[in-house]
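Student: Generate coordinates for the sequence data below:
(2 chains)
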Protein chains: 2
Amino acid sequence: MDKLFIIKIGGNVIDSPELLDDFLCRFAKIKGKKILVHGGGKLATRLAEKLGVPQELIDGRRITDQETLRIVTMVYAGQINKTIVAALQAKDCNAIGVTGADGNLILAHKRKASIDYGYVGDIDSINTLQLRNLLEQHDAVVIAPITHNGEGQLLNTNADTIAQELARGASSFVDTTLIYCFEKKGVLKDTNDESSVIRQITPNSYLQLKQEQLNNKPIISEGMIPKIENALKAVHQGVVRVIIGQAQEIELLINGNAGTVLQNE
Amino acid sequence: MDKLFIIKIGGNVIDSPELLDDFLCRFAKIKGKKILVHGGGKLATRLAEKLGVPQELIDGRRITDQETLRIVTMVYAGQINKTIVAALQAKDCNAIGVTGADGNLILAHKRKASIDYGYVGDIDSINTLQLRNLLEQHDAVVIAPITHNGEGQLLNTNADTIAQELARGASSFVDTTLIYCFEKKGVLKDTNDESSVIRQITPNSYLQLKQEQLNNKPIISEGMIPKIENALKAVHQGVVRVIIGQAQEIELLINGNAGTVLQNE
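Tutor: Presented below is the predicted three-dimensional model:
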């Protein structure tokens, strides 16, 4: 195994059949092994509405009661994961779709916090042997953001964190690039100007950036902070490079010709 | 790989958390490699009802329109498959859950018939290399009855047929026993008497049995005919033995001490 690309896509791609198909065409053509981590988009929220299961979000995180866990398991591991796998197969990319329970890939525990998040998982470990085996026998592994606790309990788990932990685990056996796709072309100096992508961020430059302001507003918007800090955490843990950018530009991101690259100096 | 057991469970087990847990405890302890093929039980029908998607059955087969395909993909490949996998992991059985799209395991085509069954698949081929690899790296493979056509279309596929085709494919590389679990202890001479299990059926004895009557009713009830004929088809295709019986007696079935065994003379 030469190189591994771990790519996380979010709701903006999953919720649009056109964007998703366009992305999967590009993804299928990437040379080397690849992992696709997908979130759930609005499909789970919409199903919950139809079923009359009230959804509660605290700080953007879904409180996962038993009914909601059932819904996200159905939507993430069933509908979205299998639709993506079948689409990749049609594009000559031999993909397998799994959750963290399959082959005991991702072990987690129910979050302990002052707020009861319900069946939300925080990751304990990645089974790197299982990951490696899956990658050796397939072109791509498609991962739904559901893990388990080893005691029979499925857990709803943040897809960004899954991507980060997988990258950390994979870095022990292969040159790994972690790519977070979101709506913008990268981390922007000016959120209204897509041409203002900050091309590189290091742990040190981030400390500086956090202080800087543009038009009396901080450059790094509040929403970007967890994304960047997750990325820098991955870099700190040994992932060679993390790239933040747009799914439509995936080839450019991989070649280092677009997006924001986060790495050590 | 020494021996393989392919076990198909149906709605009576899946719909009962107690029966399912009991069965999975027994399943996890079976020595040798194993495949579990699960149907969907009443969960898909119930979800369709809640979502107001009308379900139409012709000769016991679900007409699968686009909405229904989405529902069965969510329920079979998401909820049921992942719940079973997590439960097996807790019982020290390293299971992986897949559909026919994953790793291109089962290729099918949309059924061509005078009735339009919608997105229902008839199987073209089993990827025995993929099956073997999955089995070599896991204790068990759990299979949801969803296949694909290689062109991006998922297809709802009969679980009995999937089990039969997998057994046929696996027989080329391992001693394979195919076990169909259903409500009764086996094929009964008298459907009201669980002690009247017919212990063995061969292609020839079946022809005779089909003629026989008990209390002016045919011994082989109409509902049993497709099950037995599926089983005999598997035997004809090279599966050494097929056993029909009850999930609660799985150890006895495996040891040949219960159920109906179908094999060549």
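Student: Can you list the low-confidence ranges for the stretch 101-250 of chain A?
Tutor: Of all residues in the stretch 101-250 of chain A, none has pLDDT under 70.
Student: any chance you could map the helices in the stretch 1-150 of chain A?
Tutor: For the stretch 1-150 of chain A, applying DSSP state H, counting those that start in this stretch gives helices covering A:11-14, A:17-29, A:43-50, A:66-72, A:81-90, A:128-137.
Student: Can you give me the end-to-end span of stretch A:258-265?
Tutor: 18 Å (Cα to Cα, to the nearest Å).
Student: Return the most buried member of the helices of the stretch 1-150 of chain A.
Tutor: helix A:81-90 (a mean of 26; mean count of other Cβ atoms under 10 Å in any protein chain shown). C-beta coordinates here come from the backbone N, C-alpha and C atoms, glycine included.
Student: Going by contacts, tell me the helices and strands next to it.
Tutor: Where contact means 3 or more Cβ pairs under 8 Å, 6 or more residues apart in numbering or on different chains; DSSP states H and E, helix A:81-90 is packed against helix A:17-29, strand A:33-38, strand A:95-98, strand A:140-143, strand B:146-148, strand B:154-156.
Student: The helices of the stretch 1-150 of chain A into TSV, with extra columns for distance to A:Ala163?
Tutor: Output for those, formatted as TSV (distance: least, Cβ to Cβ, whole Å):
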stretch	distance to A:Ala163
helix A:11-14	14
helix A:17-29	14
helix A:43-50	18
helix A:66-72	17
helix A:81-90	15
helix A:128-137	12
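Student: quick one: which of those helices is nearest B:Glu165?
Tutor: Closest approach to B:Glu165 among the helices of the stretch 1-150 of chain A is made by helix A:81-90 (18.0 Å; Cβ to Cβ).
Student: What lies in contact with the closest one?
Tutor: Among residues not part of helix A:81-90, those counted as contacts by Cβ atoms under 8 Å, 6 or more residues apart in numbering or on different chains are A:20-21, A:24, A:27-28, A:36, A:38, A:94-99, A:139-140, A:142-144, B:73, B:77-78, B:99, B:101-102, B:104, B:146, B:148, B:150-154.
Student: Please pick the buried ones from these.
Tutor: Buried members of the contacts of helix A:81-90, counted by 16 or more other Cβ atoms under 10 Å in any protein chain shown: A:20, A:24, A:27-28, A:36, A:38, A:94-99, A:139-140, A:142-144, B:73, B:77-78, B:99, B:101-102, B:104, B:146, B:148, B:150, B:152-154.
Student: that older thread, so which of the helices of the stretch 1-150 of chain A comes closest to A:Ala108?
Tutor: helix A:66-72 (12.9 Å).
Student: hmm, that closest one in reach of chain B?
Tutor: Yes: counting by Cβ under 8 Å from any Cβ of the partner chain, contacts between helix A:66-72 and chain B involve A:Arg70.
Student: Run the chain-centre distance for that helix.
Tutor: How far helix A:66-72 lies from its chain's middle: 20 Å, per Cα atoms, centre = their mean, to the nearest Å.
Student: Show me what that helix is packed up against.
Tutor: If contacts are counted by 3+ Cβ pairs under 8 Å, 6+ apart, helix A:66-72 sits against helix A:43-50, strand A:154-156.
Student: now these as TSV including distance to chain B?
Tutor: Listed next are the helices and strands packed on helix A:66-72 as TSV, based on distance: least, Cβ to the nearest Cβ, whole Å:
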stretch	distance to chain B
helix A:43-50	6
strand A:154-156	5
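Student: Including distance to B:Val187, could the ones you listed go into TSV?
Tutor: TSV is the format used below for these (distance: least, Cβ to Cβ, whole Å):
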stretch	distance to B:Val187
helix A:43-50	41
strand A:154-156	37
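Student: so which of the ones you listed comes closest to A:Val239?
Tutor: strand A:154-156 (23.4 Å).
Student: what packs against the closest one?
Tutor: If contacts are counted by 3+ Cβ pairs under 8 Å, 6+ apart, strand A:154-156 sits against helix A:66-72, strand A:106-110, strand A:146-148, helix B:81-90.
Student: The helix or strand that comes right after that strand: how far from the chain's middle?
Tutor: Sequence-wise, the next helix or strand downstream of strand A:154-156 (DSSP states H and E) is helix A:159-170. How far helix A:159-170 lies from its chain's middle: 8 Å, per Cα atoms, centre = their mean.
Student: and the helix or strand just after helix A:159-170, C-alpha only, in PDB?
Tutor: Note on helix A:159-170: by DSSP H and E, the next helix or strand toward the C-terminus is strand A:175-181. The C-alpha coordinates for strand A:175-181 follow below in PDB (Å, rounded to 0.1, in the frame of the first residue of the first chain):
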ATOM      1  CA  ASP A 175       1.400   7.600   4.200                       C
ATOM      2  CA  THR A 176      -1.900   9.100   5.000                       C
ATOM      3  CA  THR A 177      -3.600  12.400   3.900                       C
ATOM      4  CA  LEU A 178      -6.700  13.400   5.700                       C
ATOM      5  CA  ILE A 179      -9.100  15.700   3.700                       C
ATOM      6  CA  TYR A 180     -12.100  17.500   5.200                       C
ATOM      7  CA  CYS A 181     -14.600  18.600   2.600                       C
END
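Student: Next, the angle from strand A:175-181 to strand A:33-38.
Tutor: Per axes from the mean of the first three to the mean of the last three Cα atoms, to 10 degrees, the angle that strand A:175-181 makes with strand A:33-38 is 30 degrees.
Student: contacts for strand A:175-181?
Tutor: A:2-10, A:13, A:23, A:160, A:163-164, A:167, A:170, A:227, A:230-231, A:234, A:239-247, A:250, A:253-254, A:259.
Student: Just the buried ones from the residues you listed?
Tutor: Buried members of the contacts of strand A:175-181, counted by 16+ other Cβ under 10 Å: A:4-10, A:13, A:23, A:160, A:163-164, A:167, A:170, A:227, A:230-231, A:234, A:239, A:241-247, A:250, A:253-254, A:259.
Student: now the helix or strand hosting A:Glu229, how far from the centre of its chain.
Tutor: If you go by DSSP H and E, A:Glu229 is part of helix A:224-236. With Cα atoms, centre = their mean as the basis, helix A:224-236 stands 12 Å off its chain's centre.
Student: What is that helix packed up against?
Tutor: By 3+ Cβ pairs under 8 Å, 6+ apart, helix A:224-236 packs against helix A:159-170, strand A:175-181, strand A:200-201, helix A:203-211, strand A:241-245, strand A:260-262.
Student: would JSON lines of these with distance to A:Ile63 be doable?
Tutor: Shown next, in JSON lines, are the helices and strands packed on helix A:224-236 (distance: least, Cβ to Cβ, whole Å):
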{"stretch": "helix A:159-170", "distance to A:Ile63": "17"}
{"stretch": "strand A:175-181", "distance to A:Ile63": "24"}
{"stretch": "strand A:200-201", "distance to A:Ile63": "32"}
{"stretch": "helix A:203-211", "distance to A:Ile63": "30"}
{"stretch": "strand A:241-245", "distance to A:Ile63": "27"}
{"stretch": "strand A:260-262", "distance to A:Ile63": "30"}
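Student: So for A:Gln55, which of these sits nearest?
Tutor: Minimum separation from A:Gln55 across these (Cβ to Cβ) falls at helix A:159-170, 17.1 Å.
Student: just the angle between that closest one and strand A:175-181, please?
Tutor: 170 degrees.
Student: Other residues contacting helix A:159-170?
Tutor: A:4, A:6-8, A:10, A:35, A:37-40, A:100, A:106, A:122-123, A:126, A:128, A:131-132, A:143, A:145, A:147, A:176, A:178, A:180, A:226-227, A:230-231, A:233-234, A:237-239, A:242.
Student: how far off helix A:224-236 does that helix point, in degrees?
Tutor: Counting by the same axes, to 10 degrees, helix A:159-170 lies at 10 degrees to helix A:224-236.
Student: distance of the residue of the stretch 51-200 of chain A found nearest chain B from B:Thr73?
Tutor: Nearest residue of the stretch 51-200 of chain A to chain B (Cβ to the nearest Cβ) works out as A:Gly78 at 2.5 Å. Separation of A:Gly78 from B:Thr73 (Cβ to Cβ, to the nearest Å): 5 Å.
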